[in-house]
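> Okay, sequence plus prediction incoming.
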Amino acid sequence: MKIAILMVLAYLLGSIPSGIWIGKLFFKKDIREYGSGNSGTTNTFRILGKKAGLIVFAMDLLKGTLATCLPMIFHLDVNPLWFGLIAVIGHTLPIFAGFKGGKAVATSAGMLLGFAPLFFFYSLVFFLVILYLTSMVSAASILSAIFVTVSSILLPYFWPTILPTHNWLLTLVCFVLTCYIIFRHKENIQRIKNGTENRVSFGLNKKEK
């Protein structure tokens, strides 16, 4: 019973529509009506600015982390990745926002932070490098998701300090989320091919002000 209740809590945590709530509460805007129409971090940065974007990113990240930590907080003998995955599902299908949510990147990263912190920071470095090289959050997100999945298999053999043991559930969850992230970014991928993808004001190919 406790596991079921905490799984519902993990879903509700993931369902918190950070971008929508911050936009409506402080800016009187529904960010789904602007820009890409997405309620996630990138569109928040674009529509509401850096401060709001950072707050939304932190909220989306930490709700994945907190959900993943629930089994440890309540001393349950169950793999915390299940709770993190449920939070990601909540983020993408939020009950508080008509089951239309974000693209799962920040909350998936939060799940990784809760499960394997060193692996999270290792992956974050890769994300920042790709973001610097491309100035595109979409490209950095897609390539990082693929990188995390591959790394979850190889790191225990080549760099066990970062990820000491191989966990097939981690690899499976990463693979599923990678497929979903690629699917949700299909329009971004097309714009990248066309050379019309939105860029951020950071990196080698940054957007000119």
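Here it is on my side, so go on. In this text the structure is predicted, and so the values were computed from the model without any measurement.
> Is residue 90 in contact with residue 13, as I believe?
Yes: contact criterion Cβ atoms under 8 Å: residue 90 and residue 13 qualify, at 6.6 Å. C-beta coordinates here come from the backbone N, C-alpha and C atoms, glycine included.
> Look through the chain and tell me its longest helix.
Longest helix in the chain by number of residues (criterion: DSSP state H): helix 50-73.
> which parts of it are buried?
52-53, 55-57, 59-71 (16 or more other Cβ atoms under 10 Å).
> about what we covered before: any common contacting residues for residue 90 and residue 13?
residue 67 (Cβ atoms under 8 Å, 6 or more residues apart in numbering).
> And for residue 205, the neighbour number?
A count of nearby residues for residue 205, using other Cβ atoms under 10 Å, gives 12.
> Can you give the domain ranges for the protein?
1-115, 116-209 (automatic domain parsing).
> Of those, flag the one that's most buried.
Of the domains of the chain, the one with the most neighbours on average (mean count of other Cβ atoms under 10 Å) is domain 1-115, at a mean of 20.
> Would you mind checking the average pLDDT for that one?
Domain 1-115 comes out with an average pLDDT of 94.
> measure that domain end to end?
Distance across domain 1-115, first residue to last, is 23 Å (Cα to Cα, to the nearest Å).
> Next: stretch 175-192.
Termini of stretch 175-192 sit 22 Å apart (Cα to Cα).
> Ok, stretch 19-37 next?
Separation of the first and last residues of stretch 19-37 by Cα to Cα is 11 Å.
> repeat for stretch 34-45
End-to-end distance of stretch 34-45 (Cα to Cα): 12 Å.
> contacting residues around the residue nearest to residue 55 when sequence neighbours are not counted?
Once flanking residues are discounted, residue 55 sits nearest to residue 22: 6.1 Å by Cβ to Cβ, 6 or more residues apart in numbering. Counting by Cβ under 8 Å, 6+ apart, residue 22 touches 44, 48, 52, 55-56, 59.
> ok, back up a step: and the longest helix of the chain, what does it pack onto?
Helices and strands touching helix 50-73, by 3 or more Cβ pairs under 8 Å, 6 or more residues apart in numbering; DSSP states H and E, are helix 2-14, helix 18-27, helix 41-48, helix 80-92, helix 105-115.
> Now tell me what touches the third one from outside.
For helix 41-48, contacts defined as Cβ under 8 Å, 6+ apart pick out 18-19, 22-23, 27, 29, 31, 34-37, 52-53, 56-57, 60, 102, 105-106, 137-138, 198, 200.
> Pull the distance from it to the chain's centre.
Here the centre of helix 41-48 is set off from its chain's centre by 14 Å, with Cα atoms, centre = their mean, to the nearest Å.
> go on, the second one?
Averaging C-alpha positions (Cα atoms, centre = their mean) puts helix 18-27 19 Å from its chain's average.
> What of the first one?
Taking the mean C-alpha point of helix 2-14 and that of its whole chain, the gap between them comes to 19 Å (Cα atoms, centre = their mean).
> on that earlier part again, please save the CA atoms from the longest helix of the chain in PDB.
Presented in PDB, the C-alpha positions along helix 50-73 are these (Å, rounded to 0.1, in the frame of the first residue of the first chain):
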ATOM      1  CA  LYS A  50      16.400  33.900 -17.800                       C
ATOM      2  CA  LYS A  51      15.200  34.200 -14.200                       C
ATOM      3  CA  ALA A  52      11.900  32.500 -14.800                       C
ATOM      4  CA  GLY A  53      13.600  29.900 -17.000                       C
ATOM      5  CA  LEU A  54      16.100  29.000 -14.300                       C
ATOM      6  CA  ILE A  55      13.400  28.700 -11.700                       C
ATOM      7  CA  VAL A  56      11.300  26.400 -14.000                       C
ATOM      8  CA  PHE A  57      14.400  24.400 -14.800                       C
ATOM      9  CA  ALA A  58      15.200  23.900 -11.100                       C
ATOM     10  CA  MET A  59      11.600  22.900 -10.300                       C
ATOM     11  CA  ASP A  60      11.400  20.400 -13.200                       C
ATOM     12  CA  LEU A  61      14.800  19.000 -12.300                       C
ATOM     13  CA  LEU A  62      14.100  18.700  -8.600                       C
ATOM     14  CA  LYS A  63      10.700  17.100  -8.900                       C
ATOM     15  CA  GLY A  64      12.300  14.300 -10.700                       C
ATOM     16  CA  THR A  65      15.000  14.100  -8.100                       C
ATOM     17  CA  LEU A  66      12.600  14.100  -5.200                       C
ATOM     18  CA  ALA A  67      10.400  11.500  -6.700                       C
ATOM     19  CA  THR A  68      13.400   9.200  -7.300                       C
ATOM     20  CA  CYS A  69      14.500   9.600  -3.700                       C
ATOM     21  CA  LEU A  70      11.100   8.700  -2.300                       C
ATOM     22  CA  PRO A  71      12.000   5.000  -1.700                       C
ATOM     23  CA  MET A  72      15.100   6.000   0.200                       C
ATOM     24  CA  ILE A  73      13.300   8.600   2.200                       C
END
